[in-house]
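Trainee: Next input, structure requested:
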Amino acid sequence: MHTIVRVARSRLAYQNVICSRVSKLSSQSAESETTEKVVPEGDAEDPLALKDVEIAALQAKLATEKELLTDLKNKYLRALADGENVRNRAKKELENSKIFSIQSFAKDMLPVSDVLEKALESVPESERSSKVLANLYEGVSLTHSQLHQVFKRHNLVKIIPLGEEFDPVYHEAMFQVPDPTQTPGTVMNVIQSGYVLHSRSIRSAKVGVVKET
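Mentor: Coordinates of the predicted model:
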């Protein structure tokens with residue numbers, strides 16, 4: 001009988017110990033859940049908020065990069081334009097140097113043409129019946145003609161602006177004469193012919209101009 005009582009007491013004590021331990025574990029588990037659920041304000045990190053900040057930073061960086069890219073593109077385009085302008089100017093200068101390389105030589109040849117013209121004008125038609133003068137006149141005329149053929153091949157053109165409107169680019173006014181029958185500013189007399197090389201005046205024609213009355 002006593003043995004049965006001791007066994008029952010032992011089992012009861014064992015059950016009490018087990019219940020106590022289970023209760024303690026339950027209490028600890030509840031405290032842990034409460035701690036996990038209750039997070040102090042400020043310690044929590046909102047993933048969406050963090051993403052918004054990162055997106056804003058990336059957008060700002062992207063805007064800066066776009067601005068830098070636009071600036072570099074503009075500089076590149078300006079550099080291309082400047083380079084193209086330099087090439088065009090160099091090409092134009094080279095073409096002009098080829099075209100007008102004979103300008104100085106052409107100017108030096110103009111007095112020769114003037115002398116030949118004066119020689120031809122100095123022989124009146126009535127005197128050309130003489131064989132000597134006729135041969136001389138023919139030789140001078142042929143030389144003058146060949147010289148002007150050379151001028152023409154090199155685009156050196158003689159201008160005699162009689163009756164044309166005065167142009168200060170190609171004409172040099174030596175005197176003015178009133179003439180009510182002519183329009184003021186009209187070239188009414190040519191003292192010396194002018195010459196143009198590829199549309200550039202290398203010697204202005206010396207002229208007399210009708211002035212306003």
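Trainee: from here on, contacts and neighbour counts on C-alpha atoms
Mentor: Will do.
Trainee: Whichever strand or helix holds Ala56 - what's its average pLDDT?
Mentor: Ala56 belongs to helix 47-99 when elements are defined using DSSP states H and E. Here helix 47-99 scores 85 as its mean pLDDT.
Trainee: so what's the backbone phi/psi at Val123?
Mentor: Phi and psi for Val123, reported as degrees, to the nearest 10, are phi -100, psi 100.
Trainee: what number of residues lie near Val134?
Mentor: Rather than Val, residue 134 is Ala. Look at Ala134: counted by other Cα atoms under 10 Å, it has 15 neighbours.
Trainee: do Asp82 as well
Mentor: Using other Cα under 10 Å as the criterion, the residues surrounding Asp82 number 12.
Trainee: so who does it touch?
Mentor: By Cα atoms under 8 Å, 6 or more residues apart in numbering, no residues touch Asp82.
Trainee: Kindly report the same for Leu120.
Mentor: By Cα under 8 Å, 6+ apart, the residues touching Leu120 are 137, 140-141.
Trainee: ok so, going back, could you pull out the buried residues of the next helix or strand after the helix holding Ala56?
Mentor: Remark: after helix 47-99, the chain's next helix or strand is helix 103-121, criterion DSSP H and E. Of the residues in helix 103-121, those scored as buried under the neighbour-count criterion (16 or more other Cα atoms under 10 Å) are 103, 106, 110, 113, 116, 120.
Trainee: Nearest to Asp71 among those residues?
Mentor: For the buried residues of helix 103-121, the minimum distance to Asp71 (Cα to Cα) is 46.9 Å, reached by Gln103.
Trainee: Hmm, Ile202 and the closest one touching each other?
Mentor: Yes. Taking Cα atoms under 8 Å as the definition, Gln103 is a contact partner of Ile202 at 7.4 Å.
Trainee: Same list (the contacts of Leu120) but as JSON lines, adding pLDDT.
Mentor: JSON lines is the format used below for the contacts of Leu120 (pLDDT from 0 to 100):
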{"residue": "Tyr137", "pLDDT": "89"}
{"residue": "Val140", "pLDDT": "92"}
{"residue": "Ser141", "pLDDT": "93"}
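Trainee: want to try JSON lines for the residues you listed, with secondary structure as columns?
Mentor: Rendered in JSON lines, the data for the contacts of Leu120 read as follows (DSSP: H, G, I helix; E, B strand; the rest coil):
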{"residue": "Tyr137", "secondary structure": "helix"}
{"residue": "Val140", "secondary structure": "helix"}
{"residue": "Ser141", "secondary structure": "helix"}
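Trainee: Which of the residues you listed ranks first by neighbour count?
Mentor: Each of these was scored for neighbours by other Cα under 10 Å, and Tyr137 scores highest at 20 neighbours.
Trainee: Now do the contacts for that residue.
Mentor: Applying Cα under 8 Å, 6+ apart to Tyr137 gives the contacts 120, 123, 128.
Trainee: Output the lowest mean pLDDT helix or strand found in this structure.
Mentor: Ranking every helix and strand in the chain by mean pLDDT, DSSP states H and E puts helix 2-37 at the bottom, with a mean of 54.
Trainee: What is the neighbour count of Met174?
Mentor: Counted by other Cα under 10 Å, the residues lying close to Met174 total 13.
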